[in-house]
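Novice: With the sequence up front, the predicted model follows.
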Amino acid sequence: MRDGMIKDFTIAENLILREYDQPKFSTNGFLKLKDISVHSRKMIDQFQIKTPSQKTMAKSLSGGNIQKVVLARELSRSPRTIIAAQPTRGLDIGASEYVREQLIQQRNDGTAVMLISEDLDEIFALSDRIAVIYEGEIMDILDRDEASREKVGLLMAGVKTEEEQEEQEEVTL
């Protein structure tokens, strides 16, 4: 709510936050309310946003539906790259699964998706490659197939594999 939405704006207004000044939504500084309405109805349907109306204030939506509004707004712009930081934190199981499906669909459509998460289930479900960072240092980058929970967990705790430790010792000698 703090970074992705304006709680006192309607769903329709939040859906065009990044494009309100584009020709498809405004002319000479005047909003095209009909076009905005058509767009917001389409996004509400496409992203399964549960709301009484597109005129509903964002602050009255559940966390999952707020996340769906943000997804709808950002994904409708056909991004080439998505950086998803903790995309399912605080969401219920259904909303989390929906967000994950959307990210997988984007990846399958050729969009580069960078997931930043502490949730190992989410990392293993969504990642092709896993980079583990500890205290600002990239500990390792693993292909999903070679990664295990144990290996990733140790890297998250700052423990390098025996092979990496041997390589580092050779460099310091």
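Specialist: Sure, I can see it.
Novice: Every contact and neighbour count from this point should use C-alpha atoms.
Specialist: Will do.
Novice: any idea how far residue 152 is from residue 131?
Specialist: Computed with CA to CA, to the nearest Å, the distance linking residue 131 and residue 152 is 9 Å.
Novice: if you count what's nearby, which of the two comes out ahead?
Specialist: Comparing residue 131 with residue 152 by other CA atoms under 10 Å, the one with more neighbours is residue 152, at 21 against 17.
Novice: Report the secondary structure state of that one.
Specialist: Three-state assignment for residue 152 (DSSP: H, G, I helix; E, B strand; the rest coil): helix.
Novice: isn't it right up against residue 132?
Specialist: Yes. Using CA atoms under 8 Å, residue 152 and residue 132 qualify as a contacting pair, with a distance of 7.0 Å.
Novice: Go ahead and flag the most central residue of the chain.
Specialist: Against the mean C-alpha coordinate of the chain, by CA atoms, centre = their mean, the closest residue is residue 84 at 3.2 Å.
Novice: Remind me which helix or strand that residue belongs to.
Specialist: Assessed by DSSP states H and E, residue 84 sits inside strand 81-85.
Novice: Helices of this structure, residue ranges please.
Specialist: For the chain, helices defined by DSSP state H occupy the ranges 11-15, 33-46, 63-75, 93-108, 120-126, 149-156, 162-172.
Novice: quick one: the third one to helix 93-108, angle?
Specialist: To tie it back to what came earlier, the one meant is helix 63-75. What separates the directions of helix 63-75 and helix 93-108 is an angle of 20 degrees, with axes from the mean of the first three to the mean of the last three CA atoms, to 10 degrees.
Novice: Show residues contacting helix 63-75.
Specialist: When contacts are taken as CA atoms under 8 Å, 6 or more residues apart in numbering, the neighbours of helix 63-75 outside the stretch itself are 1, 4-5, 11, 14-18, 43-44, 47-51, 58, 90-92, 95-96, 99.
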